[in-house]
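> Below are the sequence and a predicted model; questions follow.
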Amino acid sequence: MSGRPPVLAARAAELLARLPGPRTPAWPAGEPFTLALAHGTMSVEVFAPRGTDTQTPHAQDELYIIHAGRATLEVEGEPHAAAAGSVLFVPARAVHRFVDLSPDFAAWAVFWGPDGGER
């Protein structure tokens, strides 16, 4: 063994085929996300809300890497354009959501670090 960590890999098309996920009280139309990878404090999801994004703030820092489509990411009320190829950072516990989503919108969401974010 080389002592290196295992290579973790995920494919967007396979993950998008799982969506929407289970219907829950928080997500009556089905979960708009699915877990792709996890290691230590890091997790990666594919996030593809349809229509309305009703997410609430997260305990960890987060990166959105836009895979397809376009939307506007509102962070604490401030709008930020998001389109395929964009990367956007959201600090832990910030109120945020995507609005004006195109029908094909999909993003990778990467979470990491301690609860409350990095200092």
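Now that the structure is in, tell me what you want to look at.

> Pull the contacting residues for Phe89.
For Phe89, the contacting residues are 61-63, by C-beta atoms under 8 Å, 6 or more residues apart in numbering. Every residue, glycine included, has its C-beta placed from N, CA and C.

> Roughly how far does it sit from Val95?
15 Å (C-beta to C-beta, to the nearest Å).

> Could you pull out the strands in this structure for me?
Taking DSSP state E, the strands of the chain run over residues 33-39, 42-47, 61-68, 70-75, 78-83, 87-90, 96-99, 106-112.

> I'd like the ones you listed laid out as a markdown table, including distance to Ala12.
Below are the strands of the chain laid out as a markdown table (distance: least, C-beta to C-beta, whole Å):
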| stretch | distance to Ala12 |
| --- | --- |
| strand 33-39 | 8 |
| strand 42-47 | 6 |
| strand 61-68 | 5 |
| strand 70-75 | 16 |
| strand 78-83 | 16 |
| strand 87-90 | 15 |
| strand 96-99 | 17 |
| strand 106-112 | 7 |
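
> Nearest to Val7, out of the ones you listed?
Of all the strands of the chain, strand 33-39 sits nearest to Val7, with 10.2 Å by C-beta to C-beta.

> helices or strands up against that closest one?
When contacts are defined as 3 or more C-beta pairs under 8 Å, 6 or more residues apart in numbering; DSSP states H and E, strand 33-39 packs onto strand 42-47.

> per-residue confidence averaged over the strand it packs on?
Computed over strand 42-47, the mean pLDDT rounds to 96.

> Using PDB, write down the CA coordinates of it.
In PDB, the C-alpha atoms belonging to strand 42-47 read as follows (Å, rounded to 0.1, in the frame of the first residue of the first chain):
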ATOM      1  CA  MET A  42     -15.700  17.100   3.500                       C
ATOM      2  CA  SER A  43     -18.800  16.100   1.600                       C
ATOM      3  CA  VAL A  44     -19.900  16.700  -2.000                       C
ATOM      4  CA  GLU A  45     -23.500  16.700  -3.200                       C
ATOM      5  CA  VAL A  46     -25.200  17.300  -6.500                       C
ATOM      6  CA  PHE A  47     -27.900  19.900  -6.000                       C
END
